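Peer 1: coords below, sequence missing:
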């Protein structure tokens, strides 16, 4: 493993902690687990620390998945107190989503850095536009599909979220609202989706990067223990603030805020590809 420059890490500590607090706030506000902020911030941090370009994006995604575990649990607990979580849907996804998360992690392990950044940017841009322009002119149904349909959707949500290093809120919010569910219920349930993705996903990212000689010190596969230890505490503390705000905003306000955020993230990664 390659040693981390401690002096450089110290210089980057303040922006990392600030971003972590913002990500925790967004985890509570949108049920996204914070990964959409963690991934670009960690990617730039690892690049700045001199981590090999070949593994910096993989390390950012894997570390993000690890950080999502505590933030999603905290967000889920906060939304649970407000009785907004669809537990029936989550129970039906206890197999499909973890399977998708593990599959996504192993696909990511074999992908290049540019490919992972392109996937992240494309999905964030597409979903951001959908939210900015509001509802489509139709719903896919008046209620969620049956077990088979939900299982397929859960697997896809798990796979794509794991590839992006996010908690699944981006995709689950879209899925649930297309079937007429309230945005606040989708946000609350997405916190539980983040738990189902992050716990199996982190083990898959550890296994996928195990023994890679390009990884920096304090890494378990594609998970940086240094990043997790620095980011997780600040993000956890900010989650309740986001939850409180989420329950005060209208559906349209949530959509506009979330959509704008996704477009900013997509633009940042598109720029990095240039």
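Peer 2: Noted; the coordinates are in hand. No experiment lies behind these values; they were computed from the predicted model shown.
Peer 1: relative to residue 75, how far out is residue 236?
Peer 2: 9 Å (CB to CB, to the nearest Å). Backbone N, C-alpha and C define where each C-beta goes, glycine included.
Peer 1: so for these two, which sits in the more crowded spot?
Peer 2: Counted by other CB atoms under 10 Å, residue 236 and residue 75 do not tie: residue 75 has more neighbours, with 37 against 20.
Peer 1: hang on, that one is in a strand, isn't it?
Peer 2: No. Going by DSSP: H, G, I helix; E, B strand; the rest coil, the assignment for residue 75 is helix, not a strand.
Peer 1: what's around the closest residue to it other than its chain neighbours, how many residues?
Peer 2: Residue nearest to residue 75 in three dimensions, not counting chain neighbours: residue 191, with 3.9 Å by CB to CB, 6 or more residues apart in numbering. The burial count assigned to residue 191 is 33, neighbours taken as other CB under 10 Å.
Peer 1: cool, and residue 110?
Peer 2: Residues contacting residue 110 under the criterion other CB under 10 Å number 9.
Peer 1: over to residue 161?
Peer 2: Neighbours of residue 161 (other CB under 10 Å): 33.
Peer 1: just the strands in the chain please.
Peer 2: Using DSSP state E, the strands of the chain run over residues 219-220, 223-224.
Peer 1: touching the last one from outside, list them.
Peer 2: By CB atoms under 8 Å, 6 or more residues apart in numbering, the residues outside strand 223-224 that reach it are 42, 46, 59, 62-63, 65-66, 202, 205-206, 209, 216, 218.
Peer 1: that older thread, do you know which of the strands of the chain lies nearest residue 55?
Peer 2: Nearest to residue 55 among those is strand 219-220 (9.1 Å), distances taken as CB to CB.
Peer 1: which residues does the residue nearest to residue 89 when sequence neighbours are not counted contact?
Peer 2: Nearest non-adjacent residue to residue 89, counting by CB to CB, 6+ apart: residue 189, 6.0 Å away. Residue 189 is in contact with 31, 84-86, 89-90, 172, 176, counting by CB under 8 Å, 6+ apart.
Peer 1: and those, which of them are in helices?
Peer 2: Members of the contacts of residue 189 lying in helices (criterion: DSSP state H): 89-90, 172, 176.
Peer 1: top of those by neighbour count?
Peer 2: The most neighbours of any of the ones in helices among the contacts of residue 189, using other CB under 10 Å, belong to residue 172, which has 30 neighbours.
Peer 1: ok, it touching residue 157?
Peer 2: Yes. With contact defined as CB atoms under 8 Å, residue 172 reaches residue 157; the gap is 5.6 Å.
Peer 1: shared neighbours, those two?
Peer 2: Listed as contacting both residue 172 and residue 157 by CB under 8 Å, 6+ apart are residue 193.
Peer 1: in this structure, which helix or strand is least confident?
Peer 2: Taking mean pLDDT, DSSP states H and E as the measure, the helix or strand of the chain with the lowest value is helix 6-30, at a mean of 64.
Peer 1: grab the nearest non-local neighbour of the spatially most central residue of the chain.
Peer 2: Centroid check for the chain by CA atoms, centre = their mean gives residue 166 as the closest residue, at 1.5 Å. Using CB to CB, 6+ apart and skipping the chain neighbours, the partner closest in space to residue 166 is residue 35 (3.4 Å).
Peer 1: do the same with residue 156
Peer 2: Spatial nearest neighbour of residue 156, chain neighbours left out: residue 100 (6.4 Å); criterion: CB to CB, 6+ apart.
Peer 1: returning to that earlier point: farthest-apart pair in the ones in helices among the contacts of residue 189, please.
Peer 2: Spatial extent of those (CB to CB) is set by the pair 90 and 176 at 11.4 Å.
Peer 1: spatially, and excluding backbone neighbours, which residue is closest to residue 155.
Peer 2: residue 100 (4.0 Å).
Peer 1: and the one you found, how many neighbours?
Peer 2: Neighbours of residue 100 (other CB under 10 Å): 29.
Peer 1: so what's it up against?
Peer 2: 154-162, 197.
Peer 1: where does the prediction get shaky in the stretch 101-250 of the chain?
Peer 2: Residues of the stretch 101-250 of the chain that meet the criterion pLDDT under 70 lie in 134-138, 235, 238-239, 243, 246-247, 249.
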